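# have a look at this fold, sequence not included:
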(Lines give C-alpha, C1' and ligand atoms only; values in the text may rest on other atoms or scores of the structure.)
Protein backbone atom coordinates (compact mmCIF):
# COMPACT_ATOMS: atom_id res chain seq x y z
CA UNK A 1 0.00 0.00 0.00
CA UNK A 2 1.58 3.34 -1.01
CA UNK A 3 2.36 5.90 1.68
CA UNK A 4 0.80 9.32 1.16
CA UNK A 5 1.12 12.69 2.94
CA UNK A 6 -1.19 12.81 5.96
CA UNK A 7 -0.85 9.07 6.70
CA UNK A 8 0.20 7.96 10.16
CA UNK A 9 2.42 4.89 9.93
CA UNK A 10 4.82 2.85 12.04
CA UNK A 11 8.54 3.05 11.46
CA UNK A 12 11.92 2.18 12.93
CA UNK A 13 14.72 4.65 13.69
CA UNK A 14 17.73 3.57 11.62
CA UNK A 15 20.09 6.54 12.01
CA UNK A 16 20.45 9.50 14.36
CA UNK A 17 21.76 12.83 13.11
CA UNK A 18 22.45 16.15 14.86
CA UNK A 19 19.42 17.66 13.15
CA UNK A 20 16.98 14.72 13.30
CA UNK A 21 16.56 11.02 12.66
CA UNK A 22 16.17 8.77 9.64
CA UNK A 23 13.16 6.49 10.01
CA UNK A 24 12.56 3.41 7.86
CA UNK A 25 8.94 2.85 6.88
CA UNK A 26 7.15 -0.09 5.31
CA UNK A 27 8.16 -1.30 1.86
CA UNK A 28 11.73 0.03 2.16
CA UNK A 29 10.72 3.68 2.17
CA UNK A 30 12.38 6.10 4.58
CA UNK A 31 12.24 9.69 5.70
CA UNK A 32 13.69 12.34 7.91
CA UNK A 33 12.15 13.44 11.18
CA UNK A 34 13.61 16.91 11.70
CA UNK A 35 14.65 17.77 15.26
CA UNK A 36 11.80 20.30 15.45
CA UNK A 37 9.27 17.51 14.73
CA UNK A 38 10.40 15.09 17.47
CA UNK A 39 8.61 16.53 20.51
CA UNK A 40 6.35 19.40 21.54
CA UNK A 41 9.06 20.89 23.74
CA UNK A 42 12.48 22.18 22.67
CA UNK A 43 14.78 19.30 21.70
CA UNK A 44 18.44 20.12 22.29
CA UNK A 45 19.80 16.64 21.62
CA UNK A 46 18.09 13.98 19.48
CA UNK A 47 19.59 11.16 21.58
CA UNK A 48 17.61 12.38 24.60
CA UNK A 49 14.42 11.29 22.80
CA UNK A 50 15.35 8.60 20.26
CA UNK A 51 17.74 5.67 19.87
CA UNK A 52 18.57 3.56 16.85
CA UNK A 53 16.14 0.65 16.59
CA UNK A 54 13.27 2.45 18.35
CA UNK A 55 9.81 1.76 16.94
CA UNK A 56 7.99 5.04 16.37
CA UNK A 57 4.67 6.24 15.00
CA UNK A 58 5.15 9.02 12.43
CA UNK A 59 2.96 11.26 10.31
CA UNK A 60 3.97 11.67 6.67
CA UNK A 61 4.23 15.40 5.94
CA UNK A 62 5.65 15.62 2.40
CA UNK A 63 6.88 13.23 -0.28
CA UNK A 64 10.31 14.57 -1.30
CA UNK A 65 11.02 12.01 -4.03
CA UNK A 66 9.94 8.42 -4.61
CA UNK A 67 10.55 6.53 -1.39
CA UNK A 68 11.70 9.61 0.60
CA UNK A 69 9.52 11.60 3.01
CA UNK A 70 9.50 14.39 5.56
CA UNK A 71 8.06 12.93 8.77
CA UNK A 72 6.80 14.11 12.16
CA UNK A 73 6.63 12.23 15.43
CA UNK A 74 4.96 15.03 17.40
CA UNK A 75 2.12 15.40 14.87
CA UNK A 76 1.51 11.64 14.90
CA UNK A 77 1.19 11.64 18.70
CA UNK A 78 -0.70 14.82 19.61
CA UNK A 79 -1.14 15.57 23.29
CA UNK A 80 -4.59 14.83 24.60
CA UNK A 81 -6.77 17.96 24.42
CA UNK A 82 -8.32 17.24 27.83
CA UNK A 83 -5.01 16.63 29.58
CA UNK A 84 -4.30 19.30 32.17
CA UNK A 85 -1.24 21.34 31.31
CA UNK A 86 0.88 23.07 33.91
CA UNK A 87 -0.20 26.65 34.55
CA UNK A 88 1.69 29.08 32.35
CA UNK A 89 1.72 32.82 32.12
CA UNK A 90 1.44 34.70 28.88
CA UNK A 91 5.23 34.50 28.46
CA UNK A 92 5.38 30.74 28.99
CA UNK A 93 6.92 30.93 32.48
CA UNK A 94 5.69 28.73 35.30
CA UNK A 95 3.24 30.60 37.59
CA UNK A 96 4.85 29.23 40.77
CA UNK A 97 8.21 30.54 39.61
CA UNK A 98 6.72 33.97 38.94
CA UNK A 99 5.29 34.09 42.48
CA UNK A 100 8.65 33.14 44.01
CA UNK A 101 10.41 35.72 41.85
CA UNK A 102 7.89 38.42 42.81
CA UNK A 103 8.38 37.61 46.52
CA UNK A 104 12.16 37.73 46.14
CA UNK A 105 12.04 41.07 44.32
CA UNK A 106 9.78 42.57 47.01
CA UNK A 107 12.11 41.46 49.83
CA UNK A 108 15.15 42.65 47.89
CA UNK A 109 13.63 46.10 47.33
CA UNK A 110 12.78 46.37 51.05
CA UNK A 111 16.35 45.49 52.06
CA UNK A 112 17.77 48.01 49.59
CA UNK A 113 15.47 50.73 50.95
CA UNK A 114 16.57 49.95 54.52
CA UNK A 115 20.23 50.11 53.51
CA UNK A 116 19.70 53.46 51.73
CA UNK A 117 17.91 54.94 54.78
CA UNK A 118 20.67 53.75 57.11
CA UNK A 119 23.36 55.17 54.84
CA UNK A 120 21.54 58.53 54.52
CA UNK A 121 21.15 58.67 58.31
CA UNK A 122 24.92 58.29 58.82
CA UNK A 123 25.73 61.08 56.35
CA UNK A 124 23.76 63.68 58.29
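Done, it's in. From a predicted model like this one, the values you see are computed outputs, not experimental measurements.
# which of the residues in stretch 47-62 are buried?
Of the residues in stretch 47-62, those buried under the neighbour-count criterion (16 or more other CB atoms under 10 Å) are 49-50, 56, 58-61. The C-beta positions use only the backbone N, C-alpha and C, and glycine is treated the same way.
# please apply the same query to stretch 60-74.
Under 16+ other CB under 10 Å, the buried positions of stretch 60-74 are 60-61, 63, 69-74.
# next one: stretch 110-122
Taking 16+ other CB under 10 Å as the neighbour-count basis, stretch 110-122 is seen to contain no buried residue.
# what mean pLDDT does that stretch get?
The predicted model gives stretch 110-122 an average pLDDT of 87.
# just stretch 49-57 next, same as before
Mean pLDDT, taken over the full extent of stretch 49-57, equals 92.
# distance between the ends of that stretch?
Counting by CA to CA, to the nearest Å, the length from the leading to the trailing residue of stretch 49-57 is 13 Å.
# re earlier: closest one to residue 100 out of the buried residues of stretch 47-62, please.
The shortest distance between residue 100 and any of the buried residues of stretch 47-62, using CB to CB, involves residue 49 and amounts to 29.5 Å.
# quick one, phi/psi of that closest one?
Here the main-chain torsion angles of residue 49 (degrees, to the nearest 10) amount to phi -120, psi -30.
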